[in-house]
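Chemist: No letters, just coordinates:
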């Protein structure tokens, strides 16, 4: 995320004189929220109407809640992990337990985040792949259902060279294929001339994590002030004939730097894909707070 560590540390120190507010922020960091969202996509193959994805990003050090995820077995078709499954110094056993739980719900597809690379990445990758998850490192995979298919592309966070070092999107044989892109940092979008996809799923921002009154989201990059958290529609200036690109940025489930949240609740998502040819009207958004 782009909220500076210095700001969070100073905030944490200042909370010593405002214990009540500090406790509220800590409590907010450990709340559990499962958002249900219908996403209508004009080009979605009809066979995928009703396809459900459990999206989880930015777990960091948190334990995934078994009481929330176990009931989703058989009710979601896939689990997408949008990076930062762990971080430097976090429990490897916690990562193993989280990956085992996620893989018990549905087939898992994952991409790296920046914090994954700060941990022991070889061990992290062994645990991810050992759970049965498909780790997508700048690669495509085909997801099939009832004779139809779509392309899932996993964009890897640059291991070296900073955020400007993203590689090109992997090519697909059919340029007209329906495509979903899973990427940790939505800033990747600003580096692209064209986006040959229908939906982008991202995290990284934490929604600002601590959103203070009057100050708001103090991200260091202007991009994040426009694309912070939630659903967005992005017109395709390069091809007005295509429907707008849709992007969901999750606030994530864990926290970075300090276990604090304020006005940016931790969240996971159950996304139900809807075929635009069969459904009309606005997208439906529900929030579950167990």
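Modeler: Arrived safely, thanks for sending. All values derive from a computational prediction rather than experimental measurement.

Chemist: Skipping its backbone neighbours, what lies nearest residue 145 in space?
Modeler: In space, and not counting its chain neighbours, residue 145 is closest to residue 47: 5.0 Å by CB to CB, 6 or more residues apart in numbering. For every residue, glycine as well, the C-beta is placed using N, CA and C.

Chemist: now do residue 81
Modeler: residue 110 (3.9 Å).

Chemist: Which strands or helices does the helix or strand that contains residue 231 pack on?
Modeler: Applying DSSP states H and E as the criterion places residue 231 in strand 230-234. Counting contacts by 3 or more CB pairs under 8 Å, 6 or more residues apart in numbering; DSSP states H and E, strand 230-234 is packed against strand 245-249.

Chemist: wait, doesn't residue 261 sit right on residue 24?
Modeler: No: counting by CB atoms under 8 Å, residue 24 is not a contact partner of residue 261; they are 9.4 Å apart.

Chemist: Comparing the two, which residue is more hemmed in?
Modeler: Each of residue 261 and residue 24 has its neighbours counted (other CB atoms under 10 Å); residue 261 has more, 26 against 15.

Chemist: The residue lying closest to residue 190 once chain neighbours are set aside: neighbour count?
Modeler: Using CB to CB, 6+ apart and skipping residues adjacent in sequence, the residue nearest residue 190 is residue 223, 5.0 Å away. For residue 223, the neighbour count with other CB under 10 Å is 17.

Chemist: And for the one 3 residues further on?
Modeler: Other residues within reach of residue 226 by the criterion other CB under 10 Å amount to 10.

Chemist: now do the one 4 residues further on
Modeler: Residue crowding around residue 230 was assessed by other CB under 10 Å; the count is 14.

Chemist: Determine how far the strand or helix carrying the residue nearest to residue 190 lies from the middle of the whole chain.
Modeler: Using DSSP H and E, residue 223 falls within helix 222-226. Relative to its parent chain, helix 222-226 has a centroid offset of 17 Å by CA atoms, centre = their mean, to the nearest Å.
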